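S.K.: Coordinates only, no sequence provided:
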């Protein structure tokens, strides 16, 4: 090496402090503090090739402490990734710059996941490590054998999701997962001691992790600790004792350097401290060349891997699985044809299990699981054996009572590639994993949430378990498709749509109670338009729009109206977002403007004005539920044909 490792690390420091200063916004402390550790990792341990950021067998690097985004931007630029350019770094945190305030996976190759919400990067890394072990069990060391490296801060380790994630990783003994803890003893408010006195290392050991320590500014000691972590068969935490803002002589070691520019005077002092005599954003050619050589060190390993792939009998299967290729419609067709011939009255959670049978048999990439509700969510099939530390080839994860950790791990699996994850819990507990669902959407990942017990229809468990606002709140998250099927056929159709959503997550909201099969045709996937006319000719005085279990009620209401001489269409709307994406002609045909529009959904009525208009009628529940048998609850809350029909007739009279 012609350039010293200290100079290489200092290059990261100056780019970080200069970019934050130019933006007048950002977090210079973490990149400056972890620059030495990152240099050793990218020089000696990380398996990567900057010219091939999508190499399937690369190591995954996750910056869980996403506020320190200049660390990864500097590393990607210096090692020779096509992006970010130095101009991109100059425009750090500016509109349309790929160097956003927090790293975004869709902006830059080399950013494996979007981070910023603390703890979730580490939790997603658990999912990446799970995907690696599974694919290794299926395809062998020749095609899949890599590690997942994480840089995490005190905040990542304090967040509740950390408890869930490391417990899962420890139980599964994910020895290819290594977390480098930026142990600088600082949070935004000040010293960690202000808010925490726990023994982090003991907590990790208690969950089955290996723990190592190093001086985060001693290159040899860092290398020793990373080698120890890589060699241990358990997941590893490396406590890297660092000084936040290292190199800023008057501010380092203080919370003042965490989340604010250093200021011109301190930057000048830091340049002297670091021996850096170059202007902002200038990296001398010899230093840049040394970094780019490090970015090329994986080229031969990648070439060897490509040769093994080319010679492998599994090449076509591996490439198809990594690309996410599958045909859900073909897998489901014989099953749906059977339903038309022999209708079934089942809960949609059971209908989901029935659809999953042929899907998991035909699509090996599907890995399911549940947050300790397997028998209630109906997420396991004959094709999905348990995924355990003794058998990583399994395709069913017992997540335990870890809804948030499950959701984040599924994000990591999807981001890794080669896995289409789905996982179950009760809809009301989507609150526990809501931010991870939001991250699925933000990262444009195909993750499927099987959320059962979707209304007061779950009965006696009462208001703690009965969702009210949840379905509508899920609809509010951009790029999430909420699918609430009304019967066994729609459930199969919705599974097809969810699997075909390659760039977004899907929520399947499913019932506990049995529902009759309302669909007797399956020539096309009618759910694919989001809403369709289930009964009526489009010429009625009333259009009743319903979802899920309330479609049955809508049909009964239409029948009562017909007996009173009032024609009513019934529209099943399994997907709001999909319906809203149809052209105006279709939407106007399904929902004419010159009729009374009525909605029925056993949840909040908030938002349904978008469908019914202000003058329409909205039947739902705008309070918490109650503990009682299902029939009593629907009667009490007015969600029966006998209660709804008179109100529609009264509205027509007015």
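M.R.: Structure's in. What do you need? All values reported here derive from a predicted model rather than from experimental measurement.
S.K.: Look up how far residue 335 lies from the nearest residue to residue 345 once chain neighbours are set aside.
M.R.: Once flanking residues are discounted, residue 345 sits nearest to residue 516: 5.0 Å by Cβ to Cβ, 6 or more residues apart in numbering. C-betas here are computed from N, CA, C, even on glycine. The gap separating residue 516 from residue 335 is 18 Å, by Cβ to Cβ, to the nearest Å.
S.K.: next one: residue 509
M.R.: Residue 509 sits at a distance of 21 Å from residue 335 (criterion: Cβ to Cβ).
S.K.: These two - which one has more neighbours?
M.R.: Counted by other Cβ atoms under 10 Å, residue 509 and residue 335 do not tie: residue 509 has more neighbours, with 29 against 16.
S.K.: who's in contact with that one?
M.R.: By Cβ atoms under 8 Å, 6 or more residues apart in numbering, the contact list for residue 509 reads 427, 451, 454, 471, 474, 482, 483, 484, 548.
S.K.: Which one of these is nearest to residue 213?
M.R.: Comparing these against residue 213 with Cβ to Cβ places residue 451 closest, at 41.6 Å.
S.K.: for stretch 376-390, what is the average pLDDT?
M.R.: For stretch 376-390, mean pLDDT is 98.
S.K.: does the residue minimising distance to the centre of the chain sit in a helix or strand, and which one?
M.R.: Centroid-nearest residue in the chain: residue 440, 2.9 Å away (criterion: Cα atoms, centre = their mean). With elements taken from DSSP states H and E, the one containing residue 440 is helix 434-442.
S.K.: Neighbours of the nearest residue to residue 486 once chain neighbours are set aside, how many?
M.R.: Nearest in space to residue 486, with sequence neighbours left out and distances taken as Cβ to Cβ, 6+ apart, is residue 551 at 3.6 Å. The local packing of residue 551 (other Cβ under 10 Å) involves 30 other residues.
S.K.: Now do the contacts for residue 551.
M.R.: Counting by Cβ under 8 Å, 6+ apart, residue 551 makes contact with 486, 487, 518, 534, 570, 572.
S.K.: Of those, just say which sits nearest to residue 364.
M.R.: Distances from residue 364 to those, taken by Cβ to Cβ, are shortest for residue 487, at 28.5 Å.
S.K.: tell me the phi and psi of that closest one?
M.R.: Dihedral angles of residue 487 (phi, psi; degrees, to the nearest 10) stand at phi -160, psi -170.
S.K.: Pretty sure residue 520 is one of the things it touches, is it not?
M.R.: No. Counting by Cβ atoms under 8 Å, residue 487 stays clear of residue 520, with 10.1 Å between them.
S.K.: remind me which residues of this protein are low pLDDT?
M.R.: Scanning the chain with the threshold set as pLDDT under 70 gives 1.
S.K.: Count the neighbours of the nearest residue to residue 620 once chain neighbours are set aside for me.
M.R.: In space, and not counting its chain neighbours, residue 620 is closest to residue 605: 4.0 Å by Cβ to Cβ, 6+ apart. With neighbours defined by other Cβ under 10 Å, the count for residue 605 comes to 17.
S.K.: Same question for residue 444.
M.R.: Residues within reach of residue 444, counting by other Cβ under 10 Å, total 17.
S.K.: mind listing what it touches?
M.R.: 106, 479, 503, 504.
S.K.: Quick one: residues in contact with the helix holding residue 440.
M.R.: 104, 114, 117, 120, 123-124, 161, 404, 407-408, 410-411, 414, 430, 447, 449, 473-474, 477-480, 504-505, 507.
S.K.: Among those, the buried ones, what's the ChimeraX command?
M.R.: Of the contacts of helix 434-442, the buried ones go into a single ChimeraX selection, burial set by 16 or more other Cβ atoms under 10 Å:
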select :104,114,117,120,123,124,161,404,407,408,410,411,414,430,447,449,473,474,477,479,480,504,505,507
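S.K.: Helices along the stretch 401-550 of the chain, start to end?
M.R.: Per DSSP state H, counting those that start in this stretch, the stretch 401-550 of the chain carries helices over the ranges 403-416, 434-442, 470-475, 488-500, 550-563.
S.K.: so of those helices, which one's packed in deepest?
M.R.: Neighbour counts (mean count of other Cβ atoms under 10 Å) averaged over each of the helices of the stretch 401-550 of the chain peak at helix 403-416, with a mean of 29.
S.K.: Return the residues in contact with residue 117.
M.R.: 66, 435, 439.
S.K.: Repeat that for residue 618.
M.R.: Going by Cβ under 8 Å, 6+ apart, residue 618 touches 598, 599, 605, 608, 609, 612.
S.K.: Pull the number of nearby residues for the first one.
M.R.: For residue 598, the neighbour count with other Cβ under 10 Å is 28.
S.K.: before we move on, what about the fifth one?
M.R.: The tally of other residues near residue 609 (other Cβ under 10 Å) stands at 14.
S.K.: how much space between it and residue 468?
M.R.: Counting by Cβ to Cβ, the gap from residue 609 to residue 468 is 17 Å.
S.K.: The strand or helix carrying residue 220 packs against which elements?
M.R.: Assessed by DSSP H and E, residue 220 sits inside helix 219-231. Packed against helix 219-231 by the contact rule (3 or more Cβ pairs under 8 Å, 6 or more residues apart in numbering; DSSP states H and E) you find helix 29-40, strand 177-183, strand 210-215, strand 236-241.
S.K.: now the angle from the third one to strand 177-183?
M.R.: Here the directions of strand 210-215 and strand 177-183 differ by 40 degrees (axes from the mean of the first three to the mean of the last three Cα atoms, to 10 degrees).
S.K.: what residues are up against residue 367?
M.R.: 134, 384, 387, 395, 396, 397, 413, 419, 420, 421, 422.
S.K.: For burial, what's the neighbour tally of the first one?
M.R.: The number of residues packed near residue 134 is 24, by other Cβ under 10 Å.
S.K.: quick one: contacts for it?
M.R.: By Cβ under 8 Å, 6+ apart, the contact set of residue 134 is 367, 387, 392, 393, 394, 395, 418, 419.
S.K.: For the helix or strand that contains it, buried residues please.
M.R.: Here residue 134 sits within helix 120-139, counting by DSSP H and E. Using 16+ other Cβ under 10 Å as the test for burial, helix 120-139 gives 120-136, 138-139.
S.K.: How far does the next helix or strand after it sit from its chain's centre?
M.R.: Remark: after helix 120-139, the chain's next helix or strand is strand 148-152, criterion DSSP H and E. Relative to its chain's centre, strand 148-152 lies at 17 Å (Cα atoms, centre = their mean, to the nearest Å).
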